[in-house]
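Colleague: Fold the stuff below for me.
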Amino acid sequence: MKVVIVGGVAGGATAAARIRRLDENAQIIIFERTGYISYANCGLPYYIGGVITDKTELTLQTPQSFKSRFNVEVKVLHEVTDVYPDEHKVRVKNLLTGETFTESYDKLLLAPGAKPIMPEMKGLDTENVFTLRTVEDTFKIKNYIDENKPQSVVIAGGGFIGLETAENLRESGLDVTIVQSGSQLMKPFDGEIAAYIHAEARKNGLNLVFNNAVSGFEKHGGKVKVLLKSGQLTADFAIFAIGVTPESSLAKAAGLELGAKGAIAVNDRMQTSAQDIYAVGDAVQVKHFVTGGNAVISLAGPANRQGRIAADNICGIGSRYTGSQGSSVLKVFNLTAACTGINEGEAKRAGINYEKIILSQTDHASYYPGAKNMVVKLLFERGSYRILGGQIAGYSGVDKRIDVLATAIRGGITAVQLKDLDLAYAPPYASAKDPLNVAGYIADNIANGTLKQFYSEDIQNLQRDKVTLLDARTAAEYANGHIQGFINIPVDDLRSKMGELDKNKPVYVICQSGLRSYVACRMLAGCGYDCYNIAGGYGHYYAVTNEKCLTEKATPCGIDK
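Modeller: Numbering: from 1, shown residues only. As a prediction, this is how the structure comes out:
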């Protein structure tokens with residue numbers, strides 16, 4: 001059996017190694033148009049910032065080591081230009097010599113990845129304007145920085161690559177501005193969790209420009225002028241990283257079926273519409289594990305799993321890909337943000353009737369030194385309590401909690417069943433009631449009717465003359481900052497002062513995290529009041545509202561000081 005693989009990064013290299021482990025006699029050839037294989041895209045910003053100092057650490061394998069260990073022929077700087085499905089051949093161009101030739105195959109695997117989105121605009125070819133996708137791109141940026149010692153940079157795009165690069169360059173001492181066309185960084189997150197990312201970015205000196213977009217570039221002496229839809233910026237250099245799109249031109253030209261966003265359509269065996277042609281990685285359309293709909297999810301983990309599954313099927317093992325759910329984690333200076341499943345926007349677009357839980361809790365036992373706040377947002381389907389997605393922002397332990405949620409989604413564990421998870425506990429690492437257990441308790445309280453919630457975004461729409469707004473924090477906390485219209489009765493004084501409240505009006509209660517207000521609601525409900533508890537607490541409301549004011553430059557914020 002002769003297998004030709006187009007692309008030698010995550011999915012392609014994984015497939016090649018797996019095929020060799022399953023079939024010692026197969027002939028395997030990888031064509032990679034860059035000069036490197038099996039490299040870590042996600043590590044590229046950290047080389048630019050000097051966190052990774054040895055460039056060889058970016059590549060997990062070289063053509064020589066791959067040949068030595070797996071007996072796979074790797075041809076770098078070779079671009080496959082055409083695929084001929086009926087003839088079982090591909091045309092290849094040697095990018096060093098310009099020579100072209102054809103190569104036959106029994107099985108073909110397409111793993112071309114994704115390419116940067118590059119709209120038509122003026123000045124993209126300016127010498128100090130860069131993109132960041134390949135190892136070569138990384139070296140160009142790093143060499144420019146080392147040789148020119150720039151002081152400022154504008155980054156177009158606030159996704160994973162844009163934000164990680166911004167952090168690394170800021171840590172290197174540069175003045176860094178991110179320009180984002182929308183109202184938030186990191187679109188996989190809902191705005192209220194992205195607010196924590198924004199706050200951490202601003203705290204560490206990143207300049208954030210929202211609701212604007214780069215429309216072009218101009219050389220300006222030794223600098224670059226970044227043209228915006230509204231205004232302009234000047235910096236020593238710029239990085240264009242507004243996102244990626246599936247690299248499916250080969251498949252399209254070969255007549256293969258395409259799907260969402262022009263990605264290559266595959267079945268759960270990673271087979272394309274053409275016999276003996278498979279496809280994996282950022283170039284393919286997959287099923288979303290949560291919604292069941294078609295999706296394009298450009299992440300290394302799914303690409304590696306798809307490579308293994310394609311290899312299994314090429315070698316006669318009937319493996320199936322069960323879908324992607326977009327589990328990801330991001331370091332933003334000292335903050336960690338992570339998500340899995342779908343967010344609110346995706347739930348709405350999918351027509352799913354959902355409910356959400358927001359809780360603020362310390363990452364480990366509060367009495368153990370160093371405890372810091374963690375915000376957890378959990379989405380679940382009304383009625384079934386099927387977990388749809390989760391988002392977490394905090395300073396420690398975020399990654400392990402998101403992995404638990406990702407596993408819960410895969411295993412069909414409901415939001416209520418999170419309360420039953422037997423999770424490891426010691427004061428330096430967690431609380432006896434882990435944040436995910438607490439999320440389960442909250443879901444259980446909703447299910448059995450002992451909790452009714454309201455959210456930060458509901459506050460501005462409450463009819464103030466028809467409800468009672470109650471702040472259950474201490475008088476000192478209230479004096480330090482509160483929401484306009486909320487009266488202050490500390491929870492420990494509530495029983496003695498409950499008669500001051502109108503029993504005919506629903507009571508909306510807040511506290512700092514949502515715990516004391518829940519206790520207050522139980523007191524009130526036990527005495528015949530219709531009570532609603534804030535999700536996430538005043539701390540979450542303040543963080544989200546303050547960031548919204550900064551982003552939209554709107555005042556007042558609705559917070560009394």
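
Colleague: The closest residue in space to residue 270 that isn't next to it in sequence is in what secondary structure piece?
Modeller: Sequence neighbours aside, residue 310 is the residue nearest to residue 270 in space, at 4.0 Å (criterion: C-beta to C-beta, 6 or more residues apart in numbering). Bear in mind the C-beta positions are built from the backbone N, C-alpha and C, glycine included. In the assignment (DSSP states H and E), residue 310 maps to helix 300-314.

Colleague: tell me the mean pLDDT for that helix?
Modeller: Taken as a whole, helix 300-314 carries a mean pLDDT of 96.

Colleague: what's the answer for stretch 118-125, then?
Modeller: Rounded mean pLDDT across stretch 118-125 is 90.

Colleague: What of stretch 458-466?
Modeller: Averaging pLDDT along stretch 458-466 yields 93.

Colleague: to the chain's geometric centre, what's the distance from it?
Modeller: Centroid displacement of stretch 458-466 relative to its chain, using C-alpha atoms, centre = their mean, to the nearest Å, is 34 Å.

Colleague: And for stretch 127-137?
Modeller: Distance, stretch centre to chain centre, for stretch 127-137: 22 Å (C-alpha atoms, centre = their mean).

Colleague: Counting neighbours, which bits of that stretch end up buried?
Modeller: Using 16 or more other C-beta atoms under 10 Å as the test for burial, stretch 127-137 gives 128, 129, 130, 131, 132, 133, 134, 135, 137.

Colleague: What about those, which are in helices?
Modeller: Those of the buried residues of stretch 127-137 mapping onto helices are 135, 137, per DSSP state H.

Colleague: Closest to residue 540 out of the buried residues of stretch 127-137?
Modeller: Nearest to residue 540 out of these is residue 132 (C-beta to C-beta; 33.5 Å).

Colleague: And the pLDDT for the closest one?
Modeller: 89.

Colleague: wait, isn't it in contact with residue 45?
Modeller: Yes. Contact criterion C-beta atoms under 8 Å: residue 132 and residue 45 qualify, at 7.2 Å.

Colleague: For the chain, which residues score under the pLDDT cut-off?
Modeller: Residue ranges of the chain with pLDDT under 70: 553-561.

Colleague: OK, contacts around residue 4?
Modeller: Contact analysis of residue 4 by C-beta atoms under 8 Å, 6 or more residues apart in numbering lists 29, 31, 90, 103, 105, 107, 108, 109.

Colleague: what helix or strand is it on?
Modeller: strand 2-6.

Colleague: Extract the CA atoms of that strand and return them as CSV.
Modeller: The C-alpha trace of strand 2-6 is given here as CSV (Å, rounded to 0.1, in the frame of the first residue of the first chain):
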residue,chain,number,x,y,z
LYS,A,2,1.3,3.4,-1.0
VAL,A,3,0.0,6.4,1.1
VAL,A,4,0.6,10.0,0.1
ILE,A,5,0.0,12.7,2.8
VAL,A,6,-0.4,16.4,1.9
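
Colleague: List the strands paired with that strand, with their directions.
Modeller: In the sheet, strand 2-6 lines up against strand 27-32 (parallel), strand 107-110 (parallel) (DSSP bridges).

Colleague: can you put those strands in CSV and add distance to residue 7 and mean neighbour count?
Modeller: Listed next are the strands paired with strand 2-6 as CSV, based on distance: least, C-beta to C-beta, whole Å; neighbours: other C-beta atoms under 10 Å:
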stretch, distance to residue 7, mean neighbour count
strand 27-32, 6, 22
strand 107-110, 7, 28
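
Colleague: Thought residue 377 was touching residue 196, still the case?
Modeller: No. The pair residue 196 / residue 377 is not scored as a contact, 10.5 Å apart, by C-beta under 8 Å.

Colleague: so who does the nearest residue to residue 40 once chain neighbours are set aside touch?
Modeller: Spatial nearest neighbour of residue 40, chain neighbours left out: residue 58 (5.8 Å); criterion: C-beta to C-beta, 6+ apart. By C-beta under 8 Å, 6+ apart, the contact list for residue 58 reads 36, 39, 40, 43, 44, 47, 52, 135, 138.

Colleague: how about 7 Å then?
Modeller: By C-beta atoms under 7 Å, 6 or more residues apart in numbering, the contact set of residue 58 is 39, 40, 43, 44, 47, 52, 135.

Colleague: Could you do residue 121 as well?
Modeller: 215, 216.

Colleague: Quick one: the helices in the stretch 351-500 of the chain, in order.
Modeller: For the stretch 351-500 of the chain, helices defined by DSSP state H, counting those that start in this stretch occupy the ranges 398-411, 435-447, 475-480, 494-497.

Colleague: could you pull out the strands for the stretch 351-500 of the chain?
Modeller: 354-362, 373-381, 387-394, 453-454, 468-471, 482-483, 487-488 (DSSP state E, counting those that start in this stretch).

Colleague: Check those for me and report the most buried one.
Modeller: Stretch with highest mean neighbour count among the strands of the stretch 351-500 of the chain: strand 387-394 (a mean of 27; mean count of other C-beta atoms under 10 Å).

Colleague: Can you list the strands that it pairs with?
Modeller: When sheet partners are counted by DSSP bridges, strand 387-394 sits next to strand 335-341 (antiparallel), strand 373-381 (antiparallel).

Colleague: Reformat the helices of the stretch 351-500 of the chain as a markdown table; add distance to residue 418.
Modeller: A markdown table is the format used below for the helices of the stretch 351-500 of the chain (distance: least, C-beta to C-beta, whole Å):
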| stretch | distance to residue 418 |
| --- | --- |
| helix 398-411 | 7 |
| helix 435-447 | 3 |
| helix 475-480 | 29 |
| helix 494-497 | 29 |
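
Colleague: ranking the ones you listed by burial, who's on top?
Modeller: Across the helices of the stretch 351-500 of the chain, averaging neighbours per residue (mean count of other C-beta under 10 Å) puts helix 435-447 on top, at a mean of 22.

Colleague: and that one, what does it pack onto?
Modeller: With contacts defined as 3 or more C-beta pairs under 7 Å, 6 or more residues apart in numbering; DSSP states H and E, helix 435-447 has these neighbours: strand 354-362, strand 373-381, helix 398-411.

Colleague: Show me the contact partners of the second one.
Modeller: Counting by C-beta under 7 Å, 6+ apart, the neighbours of strand 373-381 from elsewhere in the structure are 190, 193, 196, 342, 344, 347, 352-363, 386-394, 397-398, 415, 435, 439, 443, 536, 540.

Colleague: Buried ones in stretch 139-150, by neighbour count?
Modeller: Burial within stretch 139-150, assessed by neighbour count using 16+ other C-beta under 10 Å, is assigned to 139, 141, 142, 144, 145, 150.
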